[in-house]
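K.L.:
I need the structure of the sequence given here:
(3 chains)
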Amino acid sequence: MISDLLSATVIIGIISSGIRLATPYLFASIGEMFGQRSGVLNLGVEGQMLLGSFVAFYVTLETNNVWLGVLAAMGVGALMGLAMAFITINLHATQGISGIGFYLFGMGMSNLLFQKLVGTVEGVKGFQKISVPLLGKIPVIGEIFFNHNALVYLAFLLVPVAWFVLNKTTLGLKIRAVGENPEAVDSLGVSVAGIRYLTVIMGGVFSGIAGASLSIALLNVFQQNMTAGQGFIAVALVYFGGWKPFGILGGALLFSMINALQLWIQVLGIPIPAELAVMMPYILTILVLTLSVSKGQGPSALTKVFEREG
Amino acid sequence: MSPKQATADLHLKDRAGSIFDQLMPIFATLAALLVGAIFLVLLGANPLTAYGALAQGAFGSFNAFAETLVKATPLLLVGLGTCIAYRGSVMNIGGEGQMIIGAILSTWFGLTFTELPGWLAIVIAMLLGILGGMIWGGIPGILKAYFNVNEILSTVMMNAIAVQIMNFLMRGPMIDPVQREASSQIPQTARLLESYRLPRLSPTRLHLGLLIAILLAVAVYFLLWRTTLGYRIRAVGQSQPASKYGGIDVKKHIVVALLLSGAFAGLAGMMQVYGVNYRMITDGSATGFTGNAGFNGIVAALFGQLHPLITIPASVLFGGLLVGANAMQRVVQVPSALITALNGLVVVFVVSSEFFRKRSQKRRLSQSGTEQAKPEEAEMQQEAGEA
Amino acid sequence: MKKVLTLVSVLLVVAMFLGACAQTPVAEPPAAVEETTQPLRIAVVSPSSINDLAFTQSISDALMVLKAEMGEGLEYAFTENMFVVDDAAAAIRDYATKGYDIVIAHGSQYGSSLQEIAPDFPETVFAWGTTVDTFGLPNVHAYEAASDQGGYVNGVMAGMLTKSKIIGVVGPIETGDAKLYVDGFVAGAKSVDPDIDVRVTYIGSFSDVALASEAATTHIAAGADVLTGSAQMVVGAIGKAEEAGLYWFGTQADQNAFAPSTVVASQVYHWEGILREIIALRAAGIMGGHTFSADLQNGGQVINLNPEIELSDEIKAKVEEVIAGINDGSIVIPKP
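P.N.:
Next up, the predicted model:
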């Protein structure tokens, strides 16, 4: 039975499932990464995703325009990010805890709006699969990599783009510097607060898209608490990836593919308890990180309040 | 503590100001409720009726107050663990999982060994609850200290693992034998023997756990400020390089901080079983068992400014808010999702209010002439001199 | 230390003060006068939200049916999302204290709480489900859903519709109502053809819509051409069946309208029949002790065929035959 796992169908299935499941993590984790690189930990990703998820769903339902849905999710994510930025940067709020507040707020609010504005579970016409011309026709490879909806492609494009912004642009340099040594950056006349506002709002925007990628691209439905802890996993993946976009990509794919694998284990009837299968991705993620040699060092100023002297 | 002289010098006005500062979380809560009133109006409910019901539901009768205290007990315990962890600069967000494992170990014991005298069983169960929490907190501790695995990552993952372990045990090995036979197959254990349950203040559900938690709060206070271990945990939290320079084993103290905070969460889990439900039940999620106490306890500790003794009233107030909000939902019949959103707003407002508290405290201190902008650090230095 | 103690006492005083302020009565429990003119008051406490398209929605729908029938004669209150057993217990006690005539604890996990609360309120009728245990208390009714019956019927249809002989099932956790339904479904499908491979996945969560959907995709990739699943997170899985142009069987609430081209039939609960009985018993002075089962026989459970989907006469006839067989006892659903 275990040998069944090595068949082509299963391997194709695992990789393409993994790609789909990784999509929301990529958006949310990369957004979170920018915040953390500038020194702000946001534990409220789950709440931002849920609200983004609902708003995208609702706007798409009303307008039949998926891009408006994404835009709305970005907007609501930005607002949540703005609030987070204000209370952590201006009001010096303890970052880990304020995030819990936004998590609870987003969870409650998305469900409240859902009950009041929609009322019942219904489907929406979301992003359709786009087969990339030529590439999509390649057997096996085409099916795995080039037959997804637009947001999936965007999520994977985001990885090199984020890498480029972070490592090859002045903005990226400033972000990293703010996260390492805000005093020095400040003395050079760069606004620490400005950079942090930017990254935290950006984090909110990406979390919003992450939510949208569930409700109007992968699932085309909204249900209360539908992110089911993915926002927290997204934060964890930033650590897994050592604050690097490609590291995050690796973590997101690892976690998602093991999740896909455990579903196959169940589908093929391999006799282990379902719960053991379900906990596999969590255990293996910890294990892989524990055994890996290089873990990357976090930004020195992470979670630390920056206050200008005088 | 600050020198006696300084205390004596404080004018009455300053003292009033100080009390005002300390009450800041309460004002923040009220402000959050004010924002919540807008939602209530939008939902067609009268905010006055609603908040009247909230206060009534939380503190309005002896039984209501008892319910508030029942809710406050796990918040306080998790909060105490949070005080230790955060003082040691460790972000333990694994309270949910630690509660679950603590509960599982103690419940297993209570259902397996049924011949013991009640008090003995309760004591052993408490120890096992603590042990369970320590295991689930200690693993992230060791991973952080010796393998450089961030504790936020590991505690998030460990929470998810604990839920699956609970689900498996509740439907399989630990399921109530009655349920095993019945078609309903409810995923729950059998009930604990009556003699094994924590004594209650009849007719309410208020149980001995609260008293134990309060005693532990005092113990944590002494641990943190009156023992070398506590001093070291705080020193590591203040600055790891400085601690290392001062000869403190930083890694060991990171593990200890997580072990201790896990222990409190595990005990909280045990008390939910032995004091409140008398059995474990799962609805498939962590929240179904913990009621979010693993997270809300962190918030309660923050309300209490990460001080174990202030966390006592802070947990009571926060517990009251949660209990009262549920009562409010029943009276004005608004969707319960509003309660979750309100809960979040309160956290956000309170966490923000810290800024105003610290600012006004600082302003007052500089006015009264004491040069103590950062009391904590000064205190640490002073103690370091003594040590 | 002294400062801290002052602070602690101040905070406690504030708490007391708030408490004292709150003493002003909000709603006195209504005295039991004017029995005749007062409407019947029913309160429900339920674990998920009333629009979950699953378990909680089924009881909410039933109350709306009763409300439409009884109009002014019925007043009902609903507390949803009580997934924390503790909070649910507080809600149950509160409703009883406020003088509700019938308090329904619509979640099997609420049993222990009810066992404790019910003896304190002998004038209140309590009902809980889904289970059959009334704890021998005089004022507790119990109700359950024989979900295996609907599961069996769905399974028979699924077994007749599948061409690949592979059927996929997406469940939350392997217990309770979900397990009962799934076990019935598997037995039904196997009764058509023992060679049919019914593959079951449990995703370990009631809320992870994405994982449920991916589980459905996995079943489809593995060759399943008919799918079913239980609990509120399956909405994503239905979408995947729809995308692939396959069949889905629903349970707990009517999912036919959700995906009209995909959902062949839904097993739906109609708790209103049981509620009517409980109300009638109360009028006759019987406060509890009965166990009810929502099954195909008494109409507590109905298989709603989706008119949008053309079923062959053979299948339709078989459905009727199976339902009749379950009702007269000639078909006994085997336990796994």
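
K.L.:
which residue ranges of the stretch 101-250 of chain C form helices?
P.N.:
C:111-117, C:147-161, C:176-192, C:209-221, C:235-243 (DSSP state H, counting those that start in this stretch).

K.L.:
what angle separates the fourth one from helix C:235-243?
P.N.:
Here helix C:209-221 points in a direction 30 degrees away from that of helix C:235-243 (axes from the mean of the first three to the mean of the last three C-alpha atoms, to 10 degrees).

K.L.:
circling back: need the helices of the stretch 101-250 of chain C in a markdown table (columns: distance to B:Ala53 and mean pLDDT).
P.N.:
For the C-beta atoms, the positions are set from N, CA and C on the backbone; glycine is no exception. Formatted as a markdown table, the helices of the stretch 101-250 of chain C follow (distance: least, C-beta to C-beta, whole Å; pLDDT from 0 to 100):
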| stretch | distance to B:Ala53 | mean pLDDT |
| --- | --- | --- |
| helix C:111-117 | 20 | 85 |
| helix C:147-161 | 37 | 94 |
| helix C:176-192 | 33 | 92 |
| helix C:209-221 | 34 | 93 |
| helix C:235-243 | 34 | 91 |
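
K.L.:
can you give me the neighbour number for C:Arg41?
P.N.:
17 (other C-beta atoms under 10 Å in any protein chain shown).

K.L.:
is chain C contacted by the helix or strand harbouring A:Phe164?
P.N.:
Using DSSP states H and E, the element containing A:Phe164 is helix A:150-168. No - if you take C-beta under 8 Å from any C-beta of the partner chain as the test, helix A:150-168 misses chain C, and the best it gets is 12.9 Å.

K.L.:
show me what that helix is packed against.
P.N.:
helix A:8-37, helix A:170-180, helix A:192-212, helix A:245-267 (3 or more C-beta pairs under 8 Å, 6 or more residues apart in numbering or on different chains; DSSP states H and E).

K.L.:
can you do 6 Å?
P.N.:
helix A:8-37, helix A:245-267 (3 or more C-beta pairs under 6 Å, 6 or more residues apart in numbering or on different chains; DSSP states H and E).

K.L.:
right, so of the ones you listed, which gets closest to A:Asn149?
P.N.:
In terms of C-beta to C-beta, the element of these nearest to A:Asn149 is helix A:8-37, at 8.8 Å.

K.L.:
now the angle from the closest one to helix C:209-221?
P.N.:
Computed by the same axes, to 10 degrees, the angle between helix A:8-37 and helix C:209-221 is 160 degrees.

K.L.:
so what's C:His141 up against?
P.N.:
If a contact means C-beta atoms under 6 Å, 6 or more residues apart in numbering or on different chains, then C:His141 has C:127, C:278, C:288, C:290 as its contacts.

K.L.:
should've said B:Ala341
P.N.:
With C-beta under 6 Å, 6+ apart, B:Ala341 has these contacts: A:105, A:108-109, A:112.

K.L.:
if we go to 10 Å?
P.N.:
A:47, A:104-113, B:35-36, B:39, B:335 (C-beta atoms under 10 Å, 6 or more residues apart in numbering or on different chains).

K.L.:
mind checking which helix or strand of the chain has the lowest mean pLDDT?
P.N.:
Reading this off chain A. Lowest on mean pLDDT, DSSP states H and E among the helices and strands of chain A sits helix A:141-145, with a mean of 83.

K.L.:
my question was about chain C
P.N.:
Going by mean pLDDT, DSSP H and E, chain C bottoms out at helix C:2-21, a mean of 50.

K.L.:
and the helix or strand that comes right after that helix, how far out from the chain middle?
P.N.:
Counting by DSSP H and E, the next helix or strand C-terminal to helix C:2-21 is strand C:40-45. Mean C-alpha position of strand C:40-45 versus that of the full chain (C-alpha atoms, centre = their mean, to the nearest Å) differs by 16 Å.

K.L.:
before we move on, back to that, CSV please, covering the helices of the stretch 101-250 of chain C and showing distance to chain A and mean neighbour count.
P.N.:
Formatted as CSV, the helices of the stretch 101-250 of chain C follow (distance: least, C-beta to the nearest C-beta, whole Å; neighbours: other C-beta atoms under 10 Å in any protein chain shown):
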stretch, distance to chain A, mean neighbour count
helix C:111-117, 23, 22
helix C:147-161, 16, 27
helix C:176-192, 11, 25
helix C:209-221, 4, 28
helix C:235-243, 4, 26
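
K.L.:
tabulate these in CSV, adding columns for distance to chain B.
P.N.:
Below are the helices of the stretch 101-250 of chain C laid out as CSV (distance: least, C-beta to the nearest C-beta, whole Å):
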stretch, distance to chain B
helix C:111-117, 6
helix C:147-161, 7
helix C:176-192, 5
helix C:209-221, 12
helix C:235-243, 16
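
K.L.:
and B:Ile122, its phi and psi?
P.N.:
phi -60, psi -40 (degrees, to the nearest 10).

K.L.:
and for it, the neighbour number?
P.N.:
Neighbour tally, B:Ile122, other C-beta under 10 Å: 23.
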